[in-house]
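S.K.: based on what follows, work out the 3D shape:
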Amino acid sequence: MAYEVEPPKYVRLAQTIQRRIEDGTYPPGTRVPSENQLVQAFGMSRPTVVRALELLKRDGWLESRQGFGTIVRGRPEVVEQQDRRGREALERDESQASGRLVEVGEAPVPVRIASALGLPGRATVLVRRFLLEEDGEAVELVSSYFPAGLVEGTQLASLEVLSGSVREHLEARKKVRFDHVTERISARLPEASEAELLGMPDGVPVLSVLVVACDASGQALQVSDVLLPADRQELEDTYRLN
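M.R.: Numbering: from 1, shown residues only. Below is the predicted model of the structure:
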């Protein structure tokens, strides 16, 4: 299975504009070139330009001001400071983390994981399950699922903890590049094995953060189900208003 692909045009354009913001070509507080100017400058279609600008607005690099057009905000500091479960799951060094690897093995892919990975319902995936602990108490259970084609030639199937993060390991061994993450948060009752690992009493729900990590083409490389005991969690986010 091929994973090394060129990012979509709108992503490449957004990255170019980001670099120009960072190098001072488009200073904070100034207007970015108009859509027409960007179309002419980069030889891209208007829909591509519009999509790139919307991506930059969503991520906090730009903002629309009535009567002024699209204004440069600069590097989005608040976004960088946010606590992201997905990034933690991808970049956690297992050998240094406070916890233990509780399960590694092949298993039938759960329905919602299959959908996220783009796999048929009867496919088999590798599951790697890590339990995080603080002061002897279980605080988070991370179940990571990998398509079979991505596991070959890696140490993901090993019962030993990784020296470094899953992201570093896959990018080095498989020459793939993680580009973006989508997080979906829901609440549910844990399965019996999950409740036991987390030390939870009957009837207490968990928060499930489904982390879908993709390359630039949108192909999912890894899906992690991060379970947090709902009675021990408080989620907080800080963001700007346009």
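S.K.: contacts and neighbour counts: CA atoms only from here.
M.R.: OK.
S.K.: pull the contacting residues for Thr154.
M.R.: By C-alpha atoms under 8 Å, 6 or more residues apart in numbering, Thr154 lies in contact with 169-170, 173-174.
S.K.: do Lys9 as well
M.R.: Thr48 are the contacts of Lys9 under C-alpha under 8 Å, 6+ apart.
S.K.: ok, now how distant is it from Arg58?
M.R.: Between Lys9 and Arg58 the distance, using C-alpha to C-alpha, to the nearest Å, works out to 17 Å.
S.K.: same list (the contacts of Thr154) but as CSV, adding pLDDT and distance to Leu141.
M.R.: What follows is these, written out as CSV (pLDDT from 0 to 100; distance: C-alpha to C-alpha, whole Å):
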residue, pLDDT, distance to Leu141
His169, 94, 20
Leu170, 95, 21
Arg173, 94, 25
Lys174, 94, 26
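S.K.: for the residues you listed, pick the one with the most neighbours.
M.R.: Within the contacts of Thr154, most neighbours by other C-alpha atoms under 10 Å means Leu170, with 21 neighbours.
S.K.: give me the element the residue sitting furthest away from the middle of the chain is part of.
M.R.: Among the C-alpha atoms of the chain, the one most distant from their mean position (C-alpha atoms, centre = their mean) is that of Gly67, at 35.2 Å. Following DSSP states H and E, there is no helix or strand that holds Gly67.
S.K.: ramachandran coordinates for it?
M.R.: In this entry, Gly67 is assigned phi and psi values of phi 90, psi -10 (degrees, to the nearest 10).
S.K.: same check on Leu141?
M.R.: Torsion angles at Leu141 (phi, psi; degrees, to the nearest 10) stand at phi -120, psi 120.
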